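In: here is the input, now give the coordinates:
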Amino acid sequence: MASASTIQEQVEKKRFRSWIQNYGYSIGSVAFFILLWELIVRITGIPSYLLPSPSLVVGDLIKHAQEIIGYSIITGYEILLGYFLSILVGIPIGLMIYYSKFLERTIYPSLVASQTVPKVAIAPLLVIWFGWGIWPKIIVAFLIAFFPIVIDTVVGLKATQPEMIYLVRSMGATRMQIFWKVSLPNALPNIFGGLKVAITLAVVGAVIGEFVASDQGLGYLLVVSQGYLDTPMMFAGIVALSTLGIIFFSIIEIMEKIFIPWRNEEKGLGSHATM
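Out: Next up is the predicted model:
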C-alpha cells in the first residue's frame, strides 16, 4: 500500500496540474504578449503617444496610483449599483416571462427591440433627465447589463425537463416547492452565466456614462488623457478598468461555486472518468 507521504505527493501533483490547466496557460500567454509588445516598441522606436511600452504604462500606474485607485473606486461603485439594479429587475422579469404566456408575448419582443438602440445615444438624454450626477452612469450600466440576465433566466427555467416537473407534481409538490426544488436549481447555471456576462457589460455601461457626463471616474480619466494625448495614462486607465472587470467576474465565479456545488462535483467526476 502507498504511504501517506506518497498519497500527499500525488494530491499535490494533481493540484499543480489543475492550476496549470486553469491559470498557467493564461498567465503565460499574457506574459508572452507583454514581453513581445515591449520588444516591438523598443526595436521599432514607436513614439509613446502612438503606442507606449508596457514598462511606461506600469510607470504611470505607479506614479498616479493614488489618483487611479480613487477613480477606480468611483467607477466600481457605479458598476456595482447598476449591476445590482439589473439583478433586482432582470431576474423577476425573467420569472414573469416564464410563468406568463401573455407577458412573454408582450414584454419579450419589446425587450429584444430595446437592445437595438445604442446606449451611447441614450446617455445624453439620461443626463438631461437625471442631471450631472451618478444616476446616468448607473442607469446606462443597468440598461446594458439587465438583458442577458433576463434571457438566461428564461432559458434556464425553460430547460427544466417536463418529466421531472410531472414527477414531483405527482408526489404532491406545490407550485412553490417545484420552483425552489426543481426549476430554480436547474436554472442556476444559466442564471450565473447571465450574471457573468452582465458584470462585464456593466463595466462598459458605467464607462459610457462617464464618457458623456462626468468629472471623475476611469471613463473621465480616459477622456482627459485623450485630450492631452497622454497615451500611457490612457493605457493605465484601461488596465485599471480591466482589473475591475476581472475582480468582479472572479467574485461571480466564486459565488457560482458556492451556490452550485453539485456542478463542481460533476466536473470532478468527469475528470476522474477521463483518467
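
In: going by C-alpha atoms from here, please, whenever you check contacts or count neighbours.
Out: OK.

In: which strands or helices does the one helix or strand Leu103 maps to pack on?
Out: Per DSSP states H and E, Leu103 falls inside helix 101-114. Helix 101-114 makes packing contacts with helix 65-99 when contacts are defined by 3 or more C-alpha pairs under 8 Å, 6 or more residues apart in numbering; DSSP states H and E.

In: report the buried residues of the helix it packs on.
Out: Under the neighbour-count criterion of 16 or more other C-alpha atoms under 10 Å, helix 65-99 has 68-69, 71-72, 75-87, 89-91, 93-94, 96-98 buried.

In: gap between that helix and the chain center?
Out: 10 Å (C-alpha atoms, centre = their mean, to the nearest Å).

In: now that helix against helix 101-114, angle please.
Out: For helix 65-99 against helix 101-114, the angle by axes from the mean of the first three to the mean of the last three C-alpha atoms, to 10 degrees is 140 degrees.

In: list the helices and strands helix 65-99 packs on?
Out: helix 101-114, helix 135-158, helix 184-212, helix 218-227, helix 231-259.

In: adding mean neighbour count, write these out as TSV.
Out: Listed next are the helices and strands packed on helix 65-99 as TSV, based on neighbours: other C-alpha atoms under 10 Å:
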stretch	mean neighbour count
helix 101-114	13
helix 135-158	25
helix 184-212	23
helix 218-227	20
helix 231-259	17
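
In: now those as a markdown table including distance to Val120 and mean pLDDT?
Out: Shown next, in a markdown table, are those (distance: least, C-alpha to C-alpha, whole Å; pLDDT from 0 to 100):
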| stretch | distance to Val120 | mean pLDDT |
| --- | --- | --- |
| helix 101-114 | 13 | 80 |
| helix 135-158 | 9 | 89 |
| helix 184-212 | 7 | 89 |
| helix 218-227 | 13 | 88 |
| helix 231-259 | 18 | 90 |
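
In: so which of those helices gets nearest Pro54?
Out: The closest of those to Pro54 is helix 231-259. By C-alpha to C-alpha, the value is 8.7 Å.

In: if we can go back for a sec, got the angle between the helix holding Leu103 and helix 135-158?
Out: 130 degrees.

In: and the helices and strands packed on helix 65-99 as a markdown table, adding distance to Ala121?
Out: Formatted as a markdown table, these follow (distance: least, C-alpha to C-alpha, whole Å):
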| stretch | distance to Ala121 |
| --- | --- |
| helix 101-114 | 12 |
| helix 135-158 | 10 |
| helix 184-212 | 10 |
| helix 218-227 | 17 |
| helix 231-259 | 22 |
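
In: out of those, nearest to Ile27?
Out: Of these, nearest to Ile27 by C-alpha to C-alpha is helix 231-259, at 13.3 Å.

In: now the closest one, how far from the centre of its chain.
Out: Per C-alpha atoms, centre = their mean, the centroid offset for helix 231-259 relative to its chain is 8 Å.

In: what's the answer for stretch 220-235, then?
Out: Put simply, stretch 220-235 sits 25 Å off its chain's centre (C-alpha atoms, centre = their mean).

In: for the helices and strands packed on helix 65-99, which one sits closest to Leu167?
Out: helix 184-212 (14.9 Å).

In: ok, Ala213 touching Ile128?
Out: No: at 10.2 Å, Ala213 does not count as touching Ile128 under the criterion of C-alpha atoms under 8 Å.

In: these two: which has the busier surroundings?
Out: Under the criterion of other C-alpha atoms under 10 Å, the comparison of Ala213 against Ile128 puts Ala213 first, with 20 against 10.
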